[in-house]
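*Asks:* Can you look at this prediction? I've put the sequence above it.
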Amino acid sequence: MVAKTLSVGDGTSSAHGISFNIGGSNPLLRWNTTTSQIDISNDGTAFSSLSGAISSASKTVYNNSVGTLTAGTLVFLSAWNSGQSLYEIAKAVVTTSNATTLYAQWIVDADILTAASGTVVTAKIRTAQDTSTGTAGRPVFLSTTAGTWTDTLPVVENRIQIVGYINTVHATTGRLELFPSHVIPWSIADQI
């Protein structure tokens, strides 16, 4: 029979609130009340934070636009650059016309300078965001400002893209889970 334990406080530090382990006496997962994050361990003794851990695919791309694309920018694959043998990216944007709307496919992982390659990902946790006007658990949408998100439903022609969800509401330490997803009819977006 496998031992299962749920405890409040692991007895080693006041920073550890709830721990959970399966088999053995050392916890494998624990809630760290100091950082408000889940810590993980392979052996129950050495822990590391799961902060920023989210399942994501990545791709190396080329920034052929004017200016640096900063971490967290919502982008799409815009062209093939045969000289670099990489896809080029551009900022995604929703407009009042379906003909000019360019939906997000990827998120810039770390700043990509002009005429340089870098990495984009399909999902990313963004911290230090101003989410003060939103609600935890509510979606964020592709914005009418290129490359950005908004927690206010944009007034557009007939389709909108959900690009993530608000995790923590705060003016300076807000947290988002970004993962550009399906485009939905605008008429039902405010019902989500």
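*Replies:* Alright, I've got the coordinates.

*Asks:* drop to CA atoms for contacts and neighbour counts, all remaining ones
*Replies:* Fine.

*Asks:* Run a quick neighbour tally on Q191.
*Replies:* 6 (other Cα atoms under 10 Å).

*Asks:* so what are the domain limits for this protein?
*Replies:* 4-49, 52-192 (automatic domain parsing).

*Asks:* Out of those domains, name the one with the poorest average pLDDT.
*Replies:* Across the domains of the chain, domain 4-49 has the smallest mean pLDDT, namely a mean of 53.

*Asks:* hmm, back to that, deepest-packed of the domains of the chain, please.
*Replies:* With neighbours taken as mean count of other Cα atoms under 10 Å, these reach their highest mean count in domain 52-192, at a mean of 18.

*Asks:* Not counting stretch 169-180 itself, show me its contacts.
*Replies:* 104-107, 122-136, 161-168 (Cα atoms under 8 Å, 6 or more residues apart in numbering).

*Asks:* again with stretch 115-135
*Replies:* 52-65, 72, 105-112, 151, 166, 168-180.

*Asks:* if you set the cut-off to 6 Å instead, what comes out?
*Replies:* 52, 56-64, 106-109, 112, 151, 169-179 (Cα atoms under 6 Å, 6 or more residues apart in numbering).

*Asks:* now the helices for the chain?
*Replies:* Using DSSP state H, the helices of the chain run over 186-189.
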